[in-house]
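Visitor: just the structure for this:
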Amino acid sequence: MAENDTHYNGTPNIISMQAEPVIPLPNPGEGGPVYPGNDNSGNVEPVIPLPNPGEGGPVYPGNDNSGNVEPVIPLPNPGEGGPVYPGNDNFPGAEPIIPLPNPGEGGPVYPGNDNTSGAEPVIPLPNPGEGGPVYPGNGPSCPGNGNITWLPSFPSCPSCPPISSHQFGQVRFLNASTNSFAVNICIDSTNYAVNSHFGTITGYDWISDGFHTVTVRRATGMRNILLQQNFPFVANQKVTMVLTDSASGGLEMIRVVDTGCTNLPAGSGCYRFANMAYSGSTFDLMMSGGETVFRGVGFQNVTTYKQAVAGSYQFYVTDSNNFTFIRELPIIVIGAVATGSSIQQPLVSFSVNISAGRNYTSYVIGNTWSSGGMRVLTVED
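Guide: Next comes the predicted model:
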């Protein structure tokens, strides 16, 4: 073979001058068009590169890179807000959804995930422990597990529903039982008295019109039921429920209606007396001058109201006098003339301040042989 002959293995090592040049791919992270399918012919459309994550910019749905599709507005990063289209509908005619607030930020929430503009917003419930009316009967059952349901008062505010006297009455509880242990008292499923001891009384709370079950349990220990009974409660009526000892050694609940005097003369109030002490007792209530205000008041009995001139009075509780000539005062007046009776061995004495236009009840409770003794509790009705 001559020196100028070319040696080859059957395939010439020749670069054709007719081929199209290949545009080199960019290094990772460097932009520039990239041809799909590694097709380096000059007839394909370049693909607009996708942005790096977080850089935004339009992205075509369905990897359709033709020039006839609408760009999709990118979704915001989590927590950045902005409208989100329902059902992944990214067309310009879709209605944007107002984003829900982060937990705890408040704002209206639409019921049933209904985000249409016609939906009524729901007023968010307050966090536990924050205000807002709670109606009796929505609490857990009368507690046997140590949980305490406090019955709140009903505030008067523009956003609170009104409490109608045609639907609700009011009730309070007086513990006149001489038992040494505390009790919880509930109506249906709501506590009305918690850790109630002898001689304590609650304030008035609301109770809906109708029959309700009153349950008394021990506040601690076994928490067994001591008393359970149905009572009627009447709308637009106040009542005091008195827990007393019974003659058999158990407990009884006495319902006392607190409807006082009306149309009182100027400068006068109303006053009555109740015997919630012990079985078999009968008392007279007397003034310091020997005048008899109420006589022969038996156990678990409550007198009618009497008109009382406003002022400060000193009263005495005595065992009932059986003399038939003794008469009660028709009107309670300071310095009234005695009716022939005298104060002998009073069981207990107490004072009462009576204000004009107010109603009062004095409850004698306890006995002379128990640790609590005998006392008188005067309350305004």
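Visitor: low-confidence stretches in the protein?
Guide: Low-confidence segments of the chain, defined by pLDDT under 70: 1-165, 324-325, 335-343.
Visitor: CA atoms of stretch 203-213 as PDB?
Guide: Output of stretch 203-213 as PDB, limited to C-alpha atoms (Å, rounded to 0.1, in the frame of the first residue of the first chain):
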ATOM      1  CA  GLY A 203     -79.000  32.800  93.800                       C
ATOM      2  CA  TYR A 204     -81.900  32.600  91.400                       C
ATOM      3  CA  ASP A 205     -81.200  30.800  88.100                       C
ATOM      4  CA  TRP A 206     -83.400  30.200  85.100                       C
ATOM      5  CA  ILE A 207     -85.500  27.100  84.600                       C
ATOM      6  CA  SER A 208     -87.700  26.400  81.600                       C
ATOM      7  CA  ASP A 209     -91.500  26.000  82.100                       C
ATOM      8  CA  GLY A 210     -92.600  22.500  82.700                       C
ATOM      9  CA  PHE A 211     -91.800  19.400  84.900                       C
ATOM     10  CA  HIS A 212     -88.200  18.700  85.700                       C
ATOM     11  CA  THR A 213     -86.400  16.100  87.800                       C
END
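Visitor: list the contacts of Glu380.
Guide: Arg358, Asn359, Tyr360 (CB atoms under 8 Å, 6 or more residues apart in numbering). (C-beta placed from N, C-alpha, C; glycine too.)
Visitor: switch to 6 Å and redo it
Guide: Contact partners of Glu380, counting by CB atoms under 6 Å, 6 or more residues apart in numbering, are Arg358, Tyr360.
Visitor: and Thr368, how far from Val348?
Guide: Thr368 is 9 Å from Val348, where distance means CB to CB, to the nearest Å.
Visitor: what do those two both touch?
Guide: Contacts common to Thr368 and Val348, judged by CB under 6 Å, 6+ apart, are Met374.
Visitor: more neighbours, these two?
Guide: Taking neighbours as other CB atoms under 10 Å, Thr368 and Val348 compare with Val348 leading, 17 against 10.
Visitor: thought that one was touching Tyr316?
Guide: No - under the criterion of CB atoms under 6 Å, Val348 makes no contact with Tyr316, lying 7.6 Å away.
Visitor: quick one, strands of the stretch 251-381 of the chain?
Guide: In the stretch 251-381 of the chain, the strands defined using DSSP state E, counting those that start in this stretch lie at 251-257, 268-276, 282-287, 292-298, 301-302, 306-309, 311-319, 348-354, 359-366, 374-380.
Visitor: what's the fourth one in contact with?
Guide: Right, the one you point to is strand 292-298. Residues contacting strand 292-298 (CB under 6 Å, 6+ apart): 273, 275, 282-286, 303, 320, 326, 328-329, 332, 339, 341.
Visitor: name only those of these that count as buried.
Guide: 273, 275, 282-286, 303, 326, 328-329, 332, 341 (16 or more other CB atoms under 10 Å).
Visitor: now for those, which pair is the farthest apart?
Guide: Thr282 and Ile332 (20.6 Å; CB to CB).
Visitor: now for the closest residue in space to Val309 that isn't next to it in sequence, how many residues are close by?
Guide: Of all residues not flanking Val309 in the chain, Val333 sits nearest, at 5.0 Å (CB to CB, 6 or more residues apart in numbering). By other CB under 10 Å, 16 other residues sit near Val333.
Visitor: what do you get for Ala182?
Guide: 16.
Visitor: how close does Ile326 sit to Val317?
Guide: Remark: distance between Ile326 and Val317 (CB to CB) = 15 Å.
Visitor: again, but for Ala266
Guide: 30 Å.
Visitor: of the two, which one has the most company?
Guide: More crowded of Ala266 and Val317, by other CB under 10 Å: Val317, with 24 against 7.
Visitor: ok, now which ones touch that one?
Guide: Counted by CB under 6 Å, 6+ apart, Val317 has contacts Phe283, Leu347, Val348, Val364.
Visitor: circling back to that earlier point, hmm, Ala310 and the residue nearest to Val309 touching each other?
Guide: No - applying CB under 6 Å, one finds Val333 not in contact with Ala310, separated by 10.5 Å.
Visitor: count the residues that sit near Ser248.
Guide: 8.
Visitor: wasn't it part of a helix?
Guide: No - per DSSP: H, G, I helix; E, B strand; the rest coil, Ser248 lies outside any helix segment and is coil.
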